[in-house]
Structure formats: structure tokens, C-alpha cells
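Q: Any chance you can model this:
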Amino acid sequence: MNDTFLKACRGEKTDYTPVWFMRQAGRYLPEYQAVRGKVSFLELCKNPELCTEVTLQPIDIFGFDAAILFSDILIAMEAMGLTLEFHEGRGPVFPDPVRSQAAVDALIIPDPEETMPFVMETIKLLRKELKVPLIGFSGAPFTLATYLIEGGSSKVFLETKRMAFQAPELYHNLLDKITRCTSLYLQAQARAGAQALQIFDSWAGIWAPGDFERFALPYVQSIITDLRKMTDIPIIYFANNGSTLIDHSKNAGADVLGLDWRLNIGDAVDRVGDHAVQGNLDPIALFLPPDELEKRIKQLLVDASSAKGHIFNLGHGILPQTSPDQAKIAVDAVHRFSRK
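A: Numbers count the residues shown, from 1 in each chain. Below is the predicted model of the structure:
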């Protein structure tokens with residue numbers, strides 16, 4: 001087992017900087033497209049054998065130092081009793097948004113082993129195949145709530161913020177249920193064999209810092225507190241567009257803070273205290289000419305050199321238009337430049 005990623009998460013010395021990419025199993029890979037062409041996205045997410053296949057693809061092709069379970073953050077929301085659809089060009093859609101106490105009351109707190117057994121089976125299958133650590137994941141409660149309240153993706157999050165500001169009791173009741181569901185879901189992933197867990201707060205950056213501290217952070221803290229009672233595996237918290245939130249997000253309780261590309265990683269290291277960091281190459285930097293891409297990676301490694309631990313990653317998911325050749329150049333460059 002190549003445990004370099006886990007060592008970096010724990011702040012231990014490593015022979016080189018480990019690297020993985022968010023969305024590393026996905027649409028930029030022809031091998032993924034071949035699998036995806038046979039089934040719908042939700043069918044793929046619920047098929048352990050196919051999920052195992054696409055999770056392994058980027059590990060075999062590029063030599064990443066960690067694998068992340070192929071799934072979607074909204075799978076657990078469907079298990080709460082909601083209808084979830086994926087539309088081409090629109091992304092995820094909840095036809096019946098959750099905007100009333102009656103709608104919140106109707107949500108169930110699912111048993112993850114009973115309602116999402118395909119996720120646990122995928123984890124078990126992957127553990128038999130992988131020679132690098134496996135990362136499980138979930139969405140953060142606030143980010144998940146935005147999809148339920150808005151009915152899908154949003155640009156301004158009007159309904160979400162309006163609920164938080166005008167009906168805070170309703171907002172809390174919804175977030176509390178999502179938090180309980182997410183906590184149980186991540187605990188189940190840990191029991192099934194996940195060796196690290198990442199919590200994706202994709203929309204955290206829409207908040208002013210004080211509002212983030214009130215309306216998003218406590219729910220993440222609650223989940224991590226629950227996890228700490230049953231496992232010591234590394235936990236990563238990724239607050240996207242969260243450079244203004246670091247002084248709060250470092251209090252989430254995670255071992256590792258994921259960083260987007262909107263701040264210098266060295267500046268972040270100075271602010272995060274006793275945390276390892278993950279990130280933070282701009283995903284579109286993978287479109288640079290190879291020599292410029294390598295130069296940027298080398299500088300990023302230098303900037304992160306004083307971190308307690310550093311896992312190289314993109315500042316968000318790899319884009320579907322990315323050339324696999326460029327991804328390979330990046331992974332090889334991280335390994336080559338960072339070797340002691």
C-alpha cells in the first residue's frame with residue numbers, strides 16, 4: 001500500500017508530495033465516457049461494479065496517490081425521500097424543493113447501509129483492488145441544503161439565503177436533518193473501509209464570514225465531532241471559494257483544509273495553524289503549455305513547502321475539456337519536483 005497520501009494528511013514526513021484530483025474519475029477520460037455511454041449517471045452511481053471500474057481508471061492511467069469513491073454528493077439526499085433527477089445542461093434537479101416545515105418533516109433520516117448499500121459495496125470492492133488509499137466523501141450540510149431549497153443549482157441562492165435570514169428556525173430544522181443524515185452516511189463509509197473522508201462545501205463561499213460561521217460551519221463541526229467518536233481516519237474539509245473564510249473553516253475540526261486557487265497556498269499555510277493543506281492549482285492551468293504548467297506546479301510546491309503536510313490537488317474539479325495528456329504531465333511533475 002502506498003500510504004504517502006495518508007502520511008501527508010497526518011502531517012508526517014513523506015518522500016514526495018502526494019497528488020490526486022477532484023473529479024479525477026470523469027468526463028475528461030475516454031475510458032470513463034465508454035462506461036458512461038452504457039448507463040445513465042444515476043444508474044452508474046448505483047452500480048458497484050461500474051463505480052469500481054471508473055474509480056480505478058485514473059489510478060491505473062496516471063498513478064495518482066489516492067482514489068476517491070465515484071458517486072455524487074446528492075445520493076444521500078435522494079435517500080432522505082426526495083426525487084432526484086439529472087438533466088443534460090442543467091445538472092441535478094429536485095422537482096419538489098424543500099421550503100416548508102411540512103416538507104422538512106417529510107424527510108427521513110435513512111439508514112445508509114439499507115438505503116445506499118451500493119456505496120458501501122463499492123468501497124469494499126475498491127479496497128480489494130486498490131494499492132493507494134480510498135477517500136470517501138459527502139457534501140457539507142449547507143451545500144446539500146442549497147440544492148434542496150433551490151430545487152437544483154443556483155447563481156445567487158436567493159431562496160436559501162431568504163430562508164436563513166427570514167425563517168431561521170425552519171432553516172435550522174432542515175440543516176439539522178441533513179446533518180444527521182450526512183453524519184450517519186460518512187460513519188457508514190468509514191465502517192465499510194474508506195481510509196479518509198472529504199466533506200465538500202461547494203457553495204460555502206457565497207456567505208460573508210459571519211454568516212458562514214452561523215449558517216454553515218456548525219453543521220460541519222457536528223459531523224466531524226460524531227466521526228471523531230468512531231474513527232481516527234483523516235478528514236478533509238473543502239470550502240470552495242473560501243479564501244475569506246479560512247479563519248473560521250480552520251475551526252471545523254478537520255485534519256486537512258482543501259483550498260481553491262483564489263489565494264496563494266503559502267499565504268494559506270500561514271493562516272491555517274496546525275493543519276495539513278490540500279490544493280490548489282487552478283483547474284484551467286492544465287490548459288497551459290507543458291513547460292509553463294510545470295513551472296507553475298514547481299512554484300506551488302515551493303509555496304506550500306512550510307505546510308504541516310501538503311496534498312497536491314486542483315482548486316476544484318478537473319474540467320471535462322481537459323486533455324488527459326496534460327493531467328499526466330501534471331501528476332508526473334508533482335512527483336518529480338517534490339521527491340527528496
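
Q: contacts, neighbours, all on C-alpha from now
A: Noted.

Q: And for Asp247, the neighbour number?
A: Neighbour count for Asp247, taken as other Cα atoms under 10 Å: 15.

Q: Buried residues of the helix or strand Leu301 falls within, list them for me.
A: Assigned by DSSP states H and E, Leu301 belongs to helix 290-303. Buried residues in helix 290-303, counted by 16 or more other Cα atoms under 10 Å: Pro290, Leu293, Glu294, Arg296, Ile297, Lys298, Leu300, Leu301, Asp303.

Q: Output the very next helix or strand once past it in CSV with nothing but the alpha carbons.
A: Using DSSP H and E, the helix or strand that directly follows helix 290-303 along the chain is strand 310-314. Taking C-alpha atoms only, strand 310-314 is exported to CSV below (Å, rounded to 0.1, in the frame of the first residue of the first chain):
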residue,chain,number,x,y,z
HIS,A,310,0.6,19.0,1.6
ILE,A,311,-1.5,17.0,-0.7
PHE,A,312,-1.3,18.4,-4.2
ASN,A,313,-4.7,18.9,-5.9
LEU,A,314,-6.6,21.2,-8.1
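
Q: now strand 310-314, how far from the chain's geometric center?
A: Remark: strand 310-314 is offset 13 Å from the chain centroid, using Cα atoms, centre = their mean, to the nearest Å.

Q: Give me the contacts around the very next helix or strand once past it.
A: Under the assignment DSSP H and E, the closest C-terminal helix or strand after strand 310-314 is helix 324-338. Contact partners of helix 324-338, identified using Cα atoms under 8 Å, 6 or more residues apart in numbering, comprise 15-19, 28-29, 62-64, 286-287, 290, 293-294, 297-298, 301, 312.

Q: ok, back up a step: any chance of the buried residues of helix 290-303 in CSV with distance to Leu6 and pLDDT as columns?
A: Supplementary listing: the buried residues of helix 290-303 in CSV, determined by distance: Cα to Cα, whole Å; pLDDT from 0 to 100:
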residue, distance to Leu6, pLDDT
Pro290, 29, 98
Leu293, 26, 98
Glu294, 25, 98
Arg296, 25, 98
Ile297, 21, 98
Lys298, 22, 98
Leu300, 20, 98
Leu301, 18, 98
Asp303, 21, 98
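
Q: Columns distance to Leu50 on top of these, output as JSON lines?
A: Listed next are those as JSON lines, based on distance: Cα to Cα, whole Å:
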{"residue": "Pro290", "distance to Leu50": "32"}
{"residue": "Leu293", "distance to Leu50": "32"}
{"residue": "Glu294", "distance to Leu50": "33"}
{"residue": "Arg296", "distance to Leu50": "35"}
{"residue": "Ile297", "distance to Leu50": "33"}
{"residue": "Lys298", "distance to Leu50": "35"}
{"residue": "Leu300", "distance to Leu50": "35"}
{"residue": "Leu301", "distance to Leu50": "35"}
{"residue": "Asp303", "distance to Leu50": "38"}
